[in-house]
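*Asks:* Prediction below, plus the sequence it came from.
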Amino acid sequence: MSARTVAFNVLMLVERGGYASDLLLSRTAGLDSREAGLASEIVLGSLRVQGQLDFLIEHFSGRRAQALDPEVRIGLRMGIYQLRYLERIPAHAAVSESVELVKRARKRSAAGFVNAVLRKVHRDPVPFPDRATELSHPAWLLERWDRQYGRETATKIARANLAAPETYVRLPAGAPAPSAVELEPTDVAGCYRVASGDPAGLRIQDIGSQWIVPLLELQAGQSFLDVCAAPGNKTAQALEAGVRAVACDIHWSRLRGLKGLGCELVAADGARPLPFQRQFDRILVDAPCSGTGTLARNPEIKWRLEPSKLIGLHQIQVKLLENALERLAPGGLLVYATCSLEREENEDVTEEALGRLAGRIHRRTPGIDPGDGFFAAVIRSD
């Protein structure tokens, strides 16, 4: 199966609610590295600039992208992305493959239309009609970031989301680095940026994610509870400090990947009272969230998130934090964290659960700090 066929199939599944990174991981497993890279570039790149692509569809065709059948719309997005955004892609290949994909998707009657539109596409500058299109983000999301962060920072966040994120790996102290990869140290201990080479065999983990665990000030022998542990990267990082860890998540299926860590695993819904009589010296609540700090990595989120969803997430997050605080030992320390940029999921959660703002707030902002965006509140019990 070709890279473009895989990309088309993945984008169709994303249109129906799938997640691009997960789908690419499974669907590119049988491709060679070059083809897998092209499929990933087309999928994630076209999702990042989808707002621009849909405007360009209308610009070159005279028809609104949303009025087209999904198969036709995705074929055009892929074709325009290759023609205008990628170098070294032969124009004839981008056009002919896009036409064939639409035909194979049983939209043969639209093949002539797709061919005609793509043959009009050029690389000359096309002015975008508004800021939301230029930055390829929903207008409502930009407006809320303008209010919370200021227009300049909001623009930096949005522009950072249009670029492919850098790759970071976790390399605990004393662990050897493979010779096939060049790693650069960062200001987070044990976190390295992949400067070149293939990081296969290393634990890939964004710098923002690795930045959370040090806030817990872990020491050997402490009891540690990770309330929303899957997929386990932060639990594994915490174990480097020699803590006695319990990893908790809502379903056993989510905990399956943590079996090799050698810590206690407990399936429990953290939004309900936790099934522990004991208390813990350190607790991490890495809460499920909207993920708006990860839009460079998960660009489909910005096209499907609705403001109303933040209300439901807020309610779950408050319960998670309240229940975790019940298990925090006197003098203990809890970190509440999200990869969201939204106040409803961050400051508002800690204020409602604590009856006040958390004393220590930390933040990573895309476009200003390397890696994904994160929020962390450090809470110490009396």
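*Replies:* Perfect, thanks for sending it. Numbering: from 1, shown residues only.
*Asks:* Packing partners of the helix or strand where residue 10 lies?
*Replies:* Counting by DSSP states H and E, the secondary-structure element that holds residue 10 is helix 3-15. Using 3 or more CB pairs under 8 Å, 6 or more residues apart in numbering; DSSP states H and E as the contact definition, the elements that helix 3-15 packs against are helix 20-27, helix 33-48, helix 70-85, helix 91-104. Heads up, the C-betas are built off the backbone N, CA and C, glycines and all.
*Asks:* Residues touching the second one, excluding its own?
*Replies:* With contact meaning CB atoms under 8 Å, 6 or more residues apart in numbering, helix 33-48 is reached by 2-4, 6-7, 10-11, 14, 20-21, 23-24, 27-28, 31, 53, 77-78, 81-82, 85-86, 136, 161-164, 296, 299-300, 303.
*Asks:* Okay, angle between the next helix or strand after that helix and helix 33-48 too, please.
*Replies:* Note on helix 33-48: by DSSP H and E, the next helix or strand toward the C-terminus is helix 50-61. Computed by axes from the mean of the first three to the mean of the last three CA atoms, to 10 degrees, the angle separating helix 50-61 from helix 33-48 equals 80 degrees.
*Asks:* which helix of this structure spans the most residues?
*Replies:* When every helix of the chain is counted residue by residue (DSSP state H), the longest turns out to be helix 307-326.
*Asks:* name the helices or strands packed onto the next helix or strand after that one?
*Replies:* Counting by DSSP H and E, the next helix or strand C-terminal to helix 307-326 is strand 328-338. The criterion is 3+ CB pairs under 8 Å, 6+ apart, and the helices and strands that strand 328-338 contacts are strand 280-286, helix 307-326, strand 374-380.
*Asks:* Which residues in the next helix or strand after strand 328-338 does the neighbour count mark as buried?
*Replies:* If you walk from strand 328-338 toward the C-terminus, the next helix or strand you reach (DSSP H and E) is helix 347-354. Of the residues in helix 347-354, those buried under the neighbour-count criterion (16 or more other CB atoms under 10 Å) are 347-350, 353-354.
*Asks:* about what we covered before: so which of the helices and strands packed on strand 328-338 gets nearest residue 129?
*Replies:* For the helices and strands packed on strand 328-338, the distance to residue 129 is smallest for helix 307-326, at 23.1 Å, taking CB to CB.
*Asks:* Could you pull up the residues touching residue 72?
*Replies:* Applying CB under 8 Å, 6+ apart, the residues near residue 72 are 102, 107, 110, 113-114.
*Asks:* Let's test this: mean pLDDT of whichever strand or helix holds residue 302, rounded?
*Replies:* Assigning secondary structure by DSSP H and E places residue 302 in helix 300-304. Along helix 300-304, the predicted local confidence has a mean pLDDT of 98.
*Asks:* any residues touching that helix, and which ones?
*Replies:* Here helix 300-304 makes contact (CB under 8 Å, 6+ apart) with 14, 17, 19-20, 47, 50, 137-138, 141, 161, 290-292, 294-295.
*Asks:* who wins for most neighbours among the residues you listed?
*Replies:* Highest neighbour count within the contacts of helix 300-304, by other CB atoms under 10 Å: residue 295, with 30 neighbours.
*Asks:* I'd say that one and residue 161 touch.
*Replies:* Yes. With contacts defined as CB atoms under 8 Å, residue 295 counts as touching residue 161 at a distance of 4.1 Å.
*Asks:* Surely residue 297 is within a helix?
*Replies:* No. Assignment of residue 297 by DSSP: H, G, I helix; E, B strand; the rest coil gives coil, placing it outside any helix.
*Asks:* Skipping its backbone neighbours, what lies nearest it in space?
*Replies:* Closest residue to residue 297 in three dimensions, ignoring its sequence neighbours and counting by CB to CB, 6 or more residues apart in numbering: residue 165, at 5.2 Å.
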